[in-house]
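> Pasting the sequence and the predicted coordinates here, then a few questions.
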Amino acid sequence: MNLREKIIHETLRLFSLKGFSSTSIHDILQAAGASKGGLYNHFKSKDELFFAVLDESRKIWREKNLDGLDGIDDPIEKIVRLLHNYKDRYLKDSDNFPGGCIFVSLAVELPDHLPHLAGEVTAGFVRLKAMLNRLLDQAREAGQLKEGVNTQAVTDMIFSGMLGTSVMYGMDKSPANLDRNIGSIIEHLKGLTR
């Protein structure tokens, strides 16, 4: 891992634990074992570093959560796999996200005082909801969902459940509660199928 990668990785961990505003440049330098010159040689500002961390976080999110989805044709099973990946591969990734989901943390912290950064975080939520809705629409078109199921409402329920689960797991770090919460979302989803 070169210095730039180390700075991004350690900053990602710090943002997960402390948030953007509470993470100082000194914290980053200390965690990465870098000098100010080393940091500013790679990043002109903390905002620029934020965007690099966000890009890396998105890459990790995709690697962890989308693993194996391409090999599944059934849209409901794709969502189930996504939820299992989210639970087992993403939320439990304490190496990258020791404080929990960085996107949830930043989405709560940033909107009021740093809306230009918050917009970048919420763009990912918009894409996740669109993916879930698209898969549910495919399931409805394939006749997999019971008559009258509102795919937008189910999308909102799954999305909210994922975020709520992330917050709860960030607080209690209980694998049993995590399993139960994601299991409840999956059980509800499967209850909507024919």
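Yep, it's here.

> The helix or strand containing K59 - what's its average pLDDT?
Secondary structure assigned from DSSP states H and E places K59 in helix 46-65. Averaged over helix 46-65, pLDDT sits at 96.

> Who are the packing partners of that helix?
Under the contact criterion of 3 or more C-beta pairs under 8 Å, 6 or more residues apart in numbering; DSSP states H and E, helix 46-65 touches helix 3-18, helix 75-85, helix 102-109, helix 115-141. (Each C-beta comes from the backbone N, C-alpha and C, glycine too.)

> contacts for the second one?
Outside of helix 75-85, the residues within contact range by C-beta atoms under 8 Å, 6 or more residues apart in numbering are 64-69, 72, 132, 135-136, 138-139, 142, 144, 158, 162, 182, 185-186, 189-190, 193.

> 6 Å instead, please
Helix 75-85 is contacted from outside by 65, 67-69, 72, 135, 138-139, 144, 182, 186, 193, using C-beta atoms under 6 Å, 6 or more residues apart in numbering.

> Using neighbour counts, pick out the buried residues of it.
Buried residues in helix 75-85, counted by 16 or more other C-beta atoms under 10 Å: 75-76, 78-85.

> what's the burial count for L69?
Neighbourhood size, L69 [other C-beta atoms under 10 Å]: 15.

> ok, it - contacts?
So L69 contacts 78, 81 (C-beta under 6 Å, 6+ apart).

> separation between T11 and F97?
From T11 across to F97, the span is 12 Å (C-beta to C-beta, to the nearest Å).

> Give the other helices and strands that the worst-scoring helix or strand of the chain on mean pLDDT contacts.
Ranking every helix and strand in the chain by mean pLDDT, DSSP states H and E puts helix 102-109 at the bottom, with a mean of 87. Applying 3 or more C-beta pairs under 6 Å, 6 or more residues apart in numbering; DSSP states H and E, we find helix 102-109 packed against helix 115-141.

> Check the closest residue to A139 other than its chain neighbours and give its pLDDT.
Distance criterion C-beta to C-beta, 6 or more residues apart in numbering; nearest residue to A139, sequence neighbours excluded, is P75 at 4.4 Å. Looking at P75, its pLDDT reads 98.
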